[in-house]
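Colleague: dropping the sequence and predicted coords here.
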Amino acid sequence: MRFFFRNKKSESDLKLISFLVKKLGYRPKNLELFHKALTHKSYSNLRDDIQSNERLEYLGDTVIDLIVAHFLFEKFPDRDEGYLTKLKSKIVNRNMLSQIGAELELAEHIKYRTGRSIRVATIEGNAFEALIGAIYLDSDYETTKKIFNNYIIRNYVDLNQVLEQDLDRLMARTRSRPLPSGMVTSTAAGVMAGIALVAGLLLLAPGGLLPVFLGGATLAWYLGVYTPLKRRTPFALLAGGLCGAMGPVIGWCSAGGAATDYRVILLAGLLYLWQVPHFWLFQQRHQEEYRGAGIPILVPRASGTSPTPLCRLWIIALLAGSLLPPVYGLIGTGLLAWYGMALLALGGLALVGPERIRFASLNLLPLLLPLVLFVQGW
């Protein structure tokens, strides 16, 4: 009976155990380590028999540094030391650790002296480091690494966002955007993106489940496939172009049309064919910025003024595909001659015109078919 009461957990013990299991998937062996990890020095200064989390914070900082370095080393096997160091600094920094501490709601569990000029965000970041140090002492490196990778990086570190933010800062045309310029925090950007996503899916909902599914799948493909690929290969647009082509299909299905209707498939196919040479020419225009940011680009000819043969091939494929709408009866005889002449003129300029005219002509091509369809009242 005495043994039972001696080992009975207090309410604060049970609350801490529940927190660790729910948020980090870890059941502690030495609970005192974790109480210490959540004790700020402003609280420990009140009593001589209580230690603060500063030593555990020091240890946790080192362990986190090693785990993240290990994670990036394995995830990016082709990147050099400078790139990995820069990327690690985007994850292991005071702002990011404080943000993770806030996401974990550590303030509810930290013991600190109220009424002092203490920044809660700072002590949350410090306590998070101390918690990782406590897990390391209570278990081992492999366990700590597994918890950090599975529960922290997966749930609280948006690696795509870190990568994109890093790229945007490197390029002049994007560094003034709200996120890379610091006007908007990563947390605020995530909240706004979440609200926009939910609002968009709700707008699609009246059209049925198919438009909602296609919208969600398009976003998942963009973030999960295209975004990582564009840092590895100039042919990432072959995957990313699918996202841009899905717009007409989603709209068509929302209006009650079938996703298998040849008319919308034709329109989406032409949009897909257009995106690839459009972006390759755009990269050629800003090639120094893309190279400086470490993004692979389709290397242009030595003159730097003409598209590559592969890019020309895509433009020719686009022009050939643009001949299909009349074949399938989508364009009436009254506008057929006008459509053919406009297609020939824009296509020719896109292939052999000066750089500015070539780029502008290519950008006008996807507007040609919708304009003709609108004029003839289709």
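Modeller: Received the coordinates, thanks.

Colleague: just confirm Tyr26 is within a helix.
Modeller: No: counting by DSSP: H, G, I helix; E, B strand; the rest coil, one finds Tyr26 to be coil, located in no helix.

Colleague: ok, it to Gly200 distance?
Modeller: 37 Å (Cβ to Cβ, to the nearest Å). Using the backbone N, CA and C atoms, a C-beta is placed for each residue, glycine as well.

Colleague: the more surrounded of the two?
Modeller: Tyr26 (21 against 15; other Cβ atoms under 10 Å).

Colleague: just to check, the more buried one is in contact with Ile147?
Modeller: Yes: assessed by Cβ atoms under 8 Å, Tyr26 is found in contact with Ile147 at 5.7 Å.

Colleague: shared neighbours of the two, anything?
Modeller: Counting by Cβ atoms under 8 Å, 6 or more residues apart in numbering, the contacts common to Tyr26 and Ile147 are Ile135.

Colleague: summarise which helices and strands the lengthiest helix in the chain is packed against.
Modeller: The longest helix of the chain (DSSP state H) is helix 262-285. Helix 262-285 sits against helix 237-254, helix 309-321, helix 355-375, with contacts defined as 3 or more Cβ pairs under 8 Å, 6 or more residues apart in numbering; DSSP states H and E.

Colleague: and Ser98, what element?
Modeller: Using DSSP states H and E, Ser98 maps to helix 94-103.

Colleague: how about that helix: buried residues?
Modeller: Buried positions in helix 94-103, judged by neighbour count with 16 or more other Cβ atoms under 10 Å: Met96, Leu97, Ser98, Gln99, Ile100, Gly101, Ala102, Glu103.

Colleague: JSON lines for the residues you listed, including distance to Leu267?
Modeller: Listed next are the buried residues of helix 94-103 as JSON lines, based on distance: Cβ to Cβ, whole Å:
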{"residue": "Met96", "distance to Leu267": "43"}
{"residue": "Leu97", "distance to Leu267": "48"}
{"residue": "Ser98", "distance to Leu267": "48"}
{"residue": "Gln99", "distance to Leu267": "42"}
{"residue": "Ile100", "distance to Leu267": "44"}
{"residue": "Gly101", "distance to Leu267": "49"}
{"residue": "Ala102", "distance to Leu267": "45"}
{"residue": "Glu103", "distance to Leu267": "42"}
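
Colleague: just curious, which of those residues is nearest to Asn53?
Modeller: Asn53 has its nearest neighbour among those in Gly101, at 12.0 Å by Cβ to Cβ.

Colleague: so the closest one touches Val120, yeah?
Modeller: No: using Cβ under 8 Å, Gly101 is not in contact with Val120; the gap is 9.0 Å.

Colleague: related to what we said a few turns ago, pick the most buried one from the helices and strands packed on helix 262-285.
Modeller: When you average the neighbours per residue for each of these (mean count of other Cβ atoms under 10 Å), helix 237-254 leads with a mean of 20.

Colleague: quick one: it to helix 355-375, angle?
Modeller: Put simply, helix 237-254 runs at 20 degrees to helix 355-375, going by axes from the mean of the first three to the mean of the last three Cα atoms, to 10 degrees.

Colleague: now do helix 237-254: everything it contacts.
Modeller: Under the criterion Cβ under 8 Å, 6+ apart, residues 204, 206-208, 210-211, 214-215, 218, 221-222, 225-226, 229-230, 259, 261, 264-265, 267-269, 271-272, 275-276, 279-280 lie in contact with helix 237-254.

Colleague: okay, it in PDB with CA atoms only?
Modeller: Only the C-alpha atoms of helix 237-254 are listed here, as PDB (Å, rounded to 0.1, in the frame of the first residue of the first chain):
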ATOM      1  CA  LEU A 237       7.600  21.700 -65.900                       C
ATOM      2  CA  LEU A 238       6.500  18.400 -67.500                       C
ATOM      3  CA  ALA A 239       5.000  17.600 -64.100                       C
ATOM      4  CA  GLY A 240       4.100  21.100 -63.000                       C
ATOM      5  CA  GLY A 241       2.300  21.800 -66.300                       C
ATOM      6  CA  LEU A 242      -0.400  19.400 -65.200                       C
ATOM      7  CA  CYS A 243      -1.400  21.800 -62.400                       C
ATOM      8  CA  GLY A 244      -1.800  24.700 -64.800                       C
ATOM      9  CA  ALA A 245      -3.800  22.600 -67.200                       C
ATOM     10  CA  MET A 246      -6.300  21.500 -64.600                       C
ATOM     11  CA  GLY A 247      -7.900  24.900 -64.300                       C
ATOM     12  CA  PRO A 248     -10.300  24.500 -67.300                       C
ATOM     13  CA  VAL A 249     -11.100  20.900 -66.200                       C
ATOM     14  CA  ILE A 250     -12.100  22.000 -62.700                       C
ATOM     15  CA  GLY A 251     -14.200  24.800 -64.000                       C
ATOM     16  CA  TRP A 252     -15.800  22.600 -66.600                       C
ATOM     17  CA  CYS A 253     -16.700  20.000 -64.000                       C
ATOM     18  CA  SER A 254     -18.000  22.700 -61.600                       C
END
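
Colleague: give the rounded mean pLDDT of it.
Modeller: For helix 237-254, the mean per-residue pLDDT is 91.
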